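1. I would like to see how this sequence folds:
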Amino acid sequence: MKKVSILVLVSFIFNCGEAFSAPRNSRMRSAGGRRAFVRSAGNENAGGVAVQTPQTQTPTVETVSIPATFDADVPSGLPKEVGRKVAIVHDKISEVKSECSGIKRDLDTIFGFTTATTVASGLGTVVAGGALVSGVMKARTDKNIETIEKQFSQMNYNELSEEYNKLKKEVDDETKKSKTLGNVRTGLMAGATVTSAVSTGTSIGATVNADKLAKKMSDCNQKLYELKIAKSELEALESSDKSAVEIGKNATKILGACTGYNKNNINTVKNKMTASAIISGIGTATGATGTITSAMANSKKVREDDSVKGKKKEKNLNLTANIMAGITTGTSLSTTVISATAIADAKKDSKMAEECEAVLK
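-> Okay, here's the model as predicted:
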């Protein structure tokens, strides 16, 4: 027993000397490790119940972010709910300004397209109508030439000698007249083709812009509705705070001027100008074909072909050219009527848009 005690004592002294001779950091780590071990052991001995150090928690303070525009008007004691509703109304006003601004300009653009279509198609109606009249007059002249030439075939030599100069002059005059009318018809058909092409382009422009504007009007109406709801919620608080009163008045003023757009008006414009574009496109194609046909019918090669087949070809070409002149006249007239009524529809929301945007500035 004494030997064991001596050995234990020597070992204890040696370990203590080693511990005190080690660097300070090592001693601290070692001590820390022993303390951790002791705590762990202590915890185990305590039945696994760890002792936690109390943590200090920072209390949460609810704040309201008021738009910078109203900072100068918002008193420091502004109630949270009032401030939140003021901020919402402010945001909705900003959204209304974003979505509802520029509609008057877009309406004016569509008004310009519909007006241009009306003018172009109206001119086209006159020009194509002139081509049709020229074609009809040419057909009568050609018929008169046939009658005179038939008289030649029914005359004997003596009658021919007596009447030859007179009939020859009539044929020459009528032939010249027929050729002139043919050239006039061709030129007018070319002009009608150009006006139809212009009408097609302006109609398409109006349709595309009307489609975009219909979407913008819908978005504007939605933002106006949201502003109305936000304004009602703010008024329900019955706050006498200056910022709440001022922004409420501003919202009321906007809603009074911006009463909302009737999308049926702009959709009607869109549908009418789509129809106008289709009809004008038909007029353009018909006019181009009629121009070529008229030029062929009045060409020297066709006119001087006195064979039965040649005469029939000339007659058919002239008839086709006249029919196409009539179709072009009809399409131009239809486009004129459609675009003219679309102008009235495009102007229905113009006054309200002007008043609304004046308030939003």
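2. use CA for all of it now, contacts and neighbours both
-> OK.
3. could you pull out the strands for the stretch 251-361 of the chain?
-> With DSSP state E, counting those that start in this stretch as the definition, the stretch 251-361 of the chain shows no strands.
4. what ranges do the helices span in it?
-> Along the stretch 251-361 of the chain, counting by DSSP state H, counting those that start in this stretch, helices occupy 263-297, 300-303, 308-347, 350-360.
5. same question, the stretch 51-200 of the chain
-> 80-100, 103-154, 157-236.
6. dump those to TSV, plus mean neighbour count and mean pLDDT.
-> As requested, the helices of the stretch 51-200 of the chain are arranged in TSV below (neighbours: other C-alpha atoms under 10 Å; pLDDT from 0 to 100):
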stretch	mean neighbour count	mean pLDDT
helix 80-100	20	91
helix 103-154	21	91
helix 157-236	20	90
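7. which of these sits closest to residue 268?
-> Proximity to residue 268 (C-alpha to C-alpha) singles out helix 157-236 among the helices of the stretch 51-200 of the chain, at 9.2 Å.
8. now for that closest one, which elements pack on it?
-> Under the contact criterion of 3 or more C-alpha pairs under 8 Å, 6 or more residues apart in numbering; DSSP states H and E, helix 157-236 touches helix 80-100, helix 103-154, helix 242-257, helix 263-297, helix 308-347.
9. how about a markdown table for the helices of the stretch 251-361 of the chain, with mean neighbour count and distance to residue 98 added?
-> Output for the helices of the stretch 251-361 of the chain, formatted as a markdown table (neighbours: other C-alpha atoms under 10 Å; distance: least, C-alpha to C-alpha, whole Å):
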| stretch | mean neighbour count | distance to residue 98 |
| --- | --- | --- |
| helix 263-297 | 23 | 19 |
| helix 300-303 | 14 | 65 |
| helix 308-347 | 21 | 22 |
| helix 350-360 | 17 | 9 |
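10. what's the closest of these to residue 131?
-> It's helix 308-347; of the helices of the stretch 251-361 of the chain, that one is closest to residue 131 (C-alpha to C-alpha) at 6.1 Å.
11. just how off-centre is that closest one within its chain?
-> Relative to its parent chain, helix 308-347 has a centroid offset of 31 Å by C-alpha atoms, centre = their mean, to the nearest Å.
12. same question, stretch 132-142
-> The answer for stretch 132-142 is 46 Å, by C-alpha atoms, centre = their mean.
13. same check, this time on stretch 171-178
-> 55 Å.
14. list of residues touching that stretch?
-> When contacts are defined by C-alpha atoms under 8 Å, 6 or more residues apart in numbering, stretch 171-178 is touched by residues 138, 139, 141, 142, 144, 145, 148, 149.
15. returning to that earlier point: in CSV, list the helices and strands packed on helix 157-236 along with distance to residue 190.
-> Formatted as CSV, those follow (distance: least, C-alpha to C-alpha, whole Å):
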stretch, distance to residue 190
helix 80-100, 44
helix 103-154, 9
helix 242-257, 49
helix 263-297, 6
helix 308-347, 10
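16. right, and those helices - which one's nearest residue 229?
-> It is, among the helices and strands packed on helix 157-236 and with distance given as C-alpha to C-alpha, helix 80-100, at 9.0 Å.
17. same for that closest one, what does it pack against?
-> helix 157-236, helix 242-257.
18. is it possible to export the helices of the stretch 51-200 of the chain to CSV including distance to residue 308?
-> CSV is the format used below for the helices of the stretch 51-200 of the chain (distance: least, C-alpha to C-alpha, whole Å):
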stretch, distance to residue 308
helix 80-100, 70
helix 103-154, 12
helix 157-236, 18
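19. nearest to residue 292, out of the ones you listed?
-> Nearest of the helices of the stretch 51-200 of the chain (C-alpha to C-alpha): helix 157-236, 7.7 Å.
20. in CSV: the helices and strands packed on helix 80-100, plus distance to residue 313.
-> Formatted as CSV, the helices and strands packed on helix 80-100 follow (distance: least, C-alpha to C-alpha, whole Å):
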stretch, distance to residue 313
helix 157-236, 15
helix 242-257, 68
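21. any idea which of those gets closest to residue 322?
-> Nearest of those (C-alpha to C-alpha): helix 157-236, 8.6 Å.
22. look up how far residue 356 lies from residue 309.
-> 71 Å (C-alpha to C-alpha, to the nearest Å).
23. hmm, I typed the wrong one, I wanted residue 84.
-> For residue 84 relative to residue 356 (C-alpha to C-alpha), the value is 26 Å.
24. surely residue 317 is in contact with residue 299?
-> No - counting by C-alpha atoms under 8 Å, residue 317 sits too far from residue 299 to count as a contact (10.7 Å).
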